[in-house]
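Student: make a model of this:
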Amino acid sequence: LSLSQDRKMIFSTDVTTVLAFTAIGLSAIGFLLNLVIILALLSSRRLRGVVTTPLVIAVSVGDFLWSICILPVLAIKFYTRSWDTVGSCNVFPVLELVILGASVLSLMFITINRTCLLFFQERV
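Tutor: A predicted model of the protein is given here:
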């Protein structure tokens, strides 16, 4: 399914411009902060031994990929007010859902890990 070019935009030009610059800002912040988190966790010998560290790194990698792959394309879409900037490529929606799903699953695993550590302390 593709959107037709004659479809009217719901939001005004001002709103989509603000959304575009917000996406660019979030992309830059997400890139920098997630890179710092990944490097800090990988460089600390003490933190590498913590059970949750690989899960936190997985969340950071997912957010890092979201920041460099998805947010810039969304910014272009909002700024140009065209939803067909990626063309007829079906990879973008798949990539968007895979990255989002990986982040959500990583957060779920962190929750399960922390719950097990809290309620089953004597067994862990």
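
Student: nearest residue to Ala58 other than its sequence neighbours?
Tutor: Ser106 (4.2 Å; C-beta to C-beta, 6 or more residues apart in numbering). From N, CA and C alone the C-beta is placed, and that goes for glycine too.

Student: so that neighbour versus Val73, what's the distance?
Tutor: According to C-beta to C-beta, to the nearest Å, Ser106 stands 22 Å off from Val73.

Student: so for those two, which sits in the more crowded spot?
Tutor: Ser106 (20 against 16; other C-beta atoms under 10 Å).

Student: from what I see, the more buried one and Thr53 are in contact.
Tutor: No - counting by C-beta atoms under 8 Å, Ser106 does not reach Thr53; the two are 11.9 Å apart.

Student: hmm, back to that, okay, buried residues for the strand or helix carrying the residue nearest to Ala58 please.
Tutor: When elements are assigned from DSSP states H and E, Ser106 belongs to helix 91-119. Neighbour-count burial for helix 91-119, counted by 16 or more other C-beta atoms under 10 Å, picks out Phe92, Leu95, Ile99, Ala102, Ser103, Ser106.

Student: which strands and helices sit next to that helix?
Tutor: Helices and strands touching helix 91-119, by 3 or more C-beta pairs under 8 Å, 6 or more residues apart in numbering; DSSP states H and E, are helix 53-65.

Student: send me whatever helix or strand comes next after the helix it packs on as PDB with only the CA atoms.
Tutor: Once the chain leaves helix 53-65, the next helix or strand it forms, by DSSP H and E, is helix 71-80. Taking C-alpha atoms only, helix 71-80 is exported to PDB below (Å, rounded to 0.1, in the frame of the first residue of the first chain):
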ATOM      1  CA  LEU A  71      14.800  10.000  12.700                       C
ATOM      2  CA  PRO A  72      16.600  11.700   9.700                       C
ATOM      3  CA  VAL A  73      14.200  10.100   7.200                       C
ATOM      4  CA  LEU A  74      11.300  11.200   9.300                       C
ATOM      5  CA  ALA A  75      12.700  14.800   9.500                       C
ATOM      6  CA  ILE A  76      13.000  14.800   5.700                       C
ATOM      7  CA  LYS A  77       9.400  13.600   5.400                       C
ATOM      8  CA  PHE A  78       8.100  16.300   7.700                       C
ATOM      9  CA  TYR A  79      10.200  19.100   6.200                       C
ATOM     10  CA  THR A  80       9.300  18.200   2.600                       C
END
